[in-house]
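Participant: What shape does this take:
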Amino acid sequence: MKKIKVEIPKYDLKNGILNIKLSENNKIHSTVSIDYKTLLPFAINVNSEIRDFFFITCSVYGIDRFVNRKLHSVDGWSRELNISFPVSEIKVWNNVKKDLEELFSFLTGDYWNIDFYKSDFTNPEFELSIDFEEKYKQLNLFSGGLDSLIGAIDFLKKYPKNKLLLASHYDSQMKGPKGDQEDLLELLNKKYKGQFDFVPSVKVTLSQTTTIRETTFRSRSILFIGIALLISQGKDIKDINVPENGSVSLNYPLSPSRRTSCSTRTTHSFVLDKTNLILSKLKISSNISNPYEFNTKGEMVDGCEDKEFLRQIIGFSNSCGKRGHRKTWANRSATHCGVCMPCIYRQASLQNQKDPTIYGSHIDSLVPFKLKKTQDVGICLDFLKKKLTKEDIKTELIVNGVKNIDKLNYYVDVVWRTRIELSKWVEKNGNTVIKSKAGL
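Facilitator: Coordinates of the predicted model:
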């Protein structure tokens, strides 16, 4: 078991960086660095529980990267983590201890055991000018991907008299997202000037560590939510929108090996429901939701409120999950690998549009011996070939963490329509071997 103490955050007035040290012992430690100066205009207006929640999410993100899975897993994947967090009111946080453990375990696939100790952190006392003086109807997370782009366009088109606030995060160790966000914002501003503001993307990174970094980012979603909560509460915005298609939100395991801990759960219904429950218990008035939870990615694209504008800027969004691994790409200057599941979902979703995206590899070029090297494609084809009933899907969704029975049948239908969407794309783009692998 890894026992880690999250030390009380320290803010550096000179550079505007807030550092949180993660200590296992004197020799093994790491530091999470946060561009807190960007957030101070909002942080000075919120209560201690909201700041504590934000610091906890930053710490979880850091711990996830600090503790290497290969070296410290108990079963080949899961890690046992015993963590002490500093908080303003221990009694308040003890009321949500179990909920936090369940949330973090579900997100990262690890065994979390947490406790709290008293923090004496105080925000800087000097006054800051507020750049965001408008009244905002909603806050959207904006990652630079296709789904978050559609989420922003839909709001801007539907509510021209209301103002939207966009927020995001980037890690300098993840190349690309910050540039994607900036390119899209410039294009959005040309079309919807004056209808939205964007909080500069907040840099949160594991700035230094004495051990081997973990390469997965499965806790990134809770950090997104922590940033969004701090900003929205600082501006008295109650609605936080996390735009993502239902296919990816559910992340239905395409094979048994991707069940539970091996599956990303960024906007899974369990994550959003559990987070809302925690905030409610902390008496924080906020509602985090995903309005596209019952839509496939293709349905999001085809149902966009300003489809003509979306068509013009699709190519500036990025959906690839493996953009940093270009060695295996046939075209290394491409923007997307073309064969990871996010790329496959993207291509399938754009079948009814002219897709300007440049992909590093094409599914039609993958002969059988290469399918093992392109694991996502092989697993996807096996998934399409497998005979599934809606009852099979329902059972798998329950096993994979869906707790809201009222929504279960809607989720089943999303998975069903996703299979159809993917099958049509393979039928259209695959060669004989590929189609045979998919049972087509």
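
Participant: Dump stretch 347-366 to CSV, keeping only the CA atoms.
Facilitator: Coordinates of the C-alpha atoms in stretch 347-366 are reproduced here as CSV (Å, rounded to 0.1, in the frame of the first residue of the first chain):
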residue,chain,number,x,y,z
GLN,A,347,-14.7,9.0,-38.2
ALA,A,348,-17.9,7.1,-37.7
SER,A,349,-19.6,10.2,-36.5
LEU,A,350,-18.6,12.2,-39.5
GLN,A,351,-19.9,9.8,-42.2
ASN,A,352,-22.7,12.2,-43.2
GLN,A,353,-20.2,15.2,-43.4
LYS,A,354,-17.2,16.0,-45.4
ASP,A,355,-14.4,15.1,-43.0
PRO,A,356,-11.3,17.3,-43.5
THR,A,357,-9.3,15.5,-40.7
ILE,A,358,-6.0,14.0,-41.8
TYR,A,359,-5.5,10.6,-40.2
GLY,A,360,-2.1,8.9,-39.8
SER,A,361,-3.4,5.4,-40.7
HIS,A,362,-6.4,4.1,-42.5
ILE,A,363,-8.4,1.1,-41.3
ASP,A,364,-8.3,-0.3,-44.8
SER,A,365,-4.5,-0.6,-44.7
LEU,A,366,-4.5,-2.8,-41.6
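
Participant: what does that stretch rub up against?
Facilitator: The contact list for stretch 347-366 (C-beta atoms under 8 Å, 6 or more residues apart in numbering) reads 146, 245, 296-298, 300-302, 311, 314-315, 326, 328-339, 343-344, 346, 374, 377, 421-422, 424-426, 428-431, 434. (Glycine included, C-beta is placed from N, CA and C.)

Participant: C-alpha coordinates for the helix or strand where I231 lies, CSV please?
Facilitator: Element membership of I231, judged by DSSP states H and E, is helix 220-234. These are the backbone C-alpha positions of helix 220-234, laid out as CSV (Å, rounded to 0.1, in the frame of the first residue of the first chain):
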residue,chain,number,x,y,z
ARG,A,220,-8.2,14.1,-15.5
SER,A,221,-12.0,14.4,-15.5
ILE,A,222,-12.2,15.1,-11.8
LEU,A,223,-9.6,17.9,-12.2
PHE,A,224,-11.8,19.3,-15.0
ILE,A,225,-14.7,19.4,-12.6
GLY,A,226,-12.7,20.9,-9.8
ILE,A,227,-11.6,23.8,-12.1
ALA,A,228,-15.1,24.3,-13.4
LEU,A,229,-16.6,24.3,-9.9
LEU,A,230,-14.1,26.9,-8.6
ILE,A,231,-14.7,29.2,-11.6
SER,A,232,-18.5,28.7,-11.7
GLN,A,233,-19.0,29.3,-7.9
GLY,A,234,-16.7,32.4,-8.1
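
Participant: Buried among the contacts of stretch 347-366? Need that as a selection in PyMOL.
Facilitator: With 16 or more other C-beta atoms under 10 Å as the criterion, this PyMOL line picks the buried residues out of the contacts of stretch 347-366:
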select buried, resi 146+245+296+297+298+300+301+302+311+314+329+334+335+336+337+338+339+343+344+346+374+377+421+422+425+426+430+434
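
Participant: Figure out how far the helix holding I231 is from the centre of its chain.
Facilitator: 12 Å (C-alpha atoms, centre = their mean, to the nearest Å).

Participant: Can you name the next helix or strand after it?
Facilitator: Scanning forward in sequence from helix 220-234 by DSSP H and E, the next helix or strand is strand 239-241.

Participant: What segments of the stretch 101-250 of the chain are strands?
Facilitator: Using DSSP state E, counting those that start in this stretch, the strands of the stretch 101-250 of the chain run over residues 111-118, 138-141, 164-167, 169-170, 196-198, 202-209, 239-241.

Participant: nearest to N26, of the ones you listed?
Facilitator: Relative to N26, the nearest member of the strands of the stretch 101-250 of the chain by C-beta to C-beta is strand 202-209, separated by 14.3 Å.

Participant: now that closest one against helix 220-234, angle please.
Facilitator: Taking axes from the mean of the first three to the mean of the last three C-alpha atoms, to 10 degrees, one finds strand 202-209 and helix 220-234 inclined to each other by 130 degrees.
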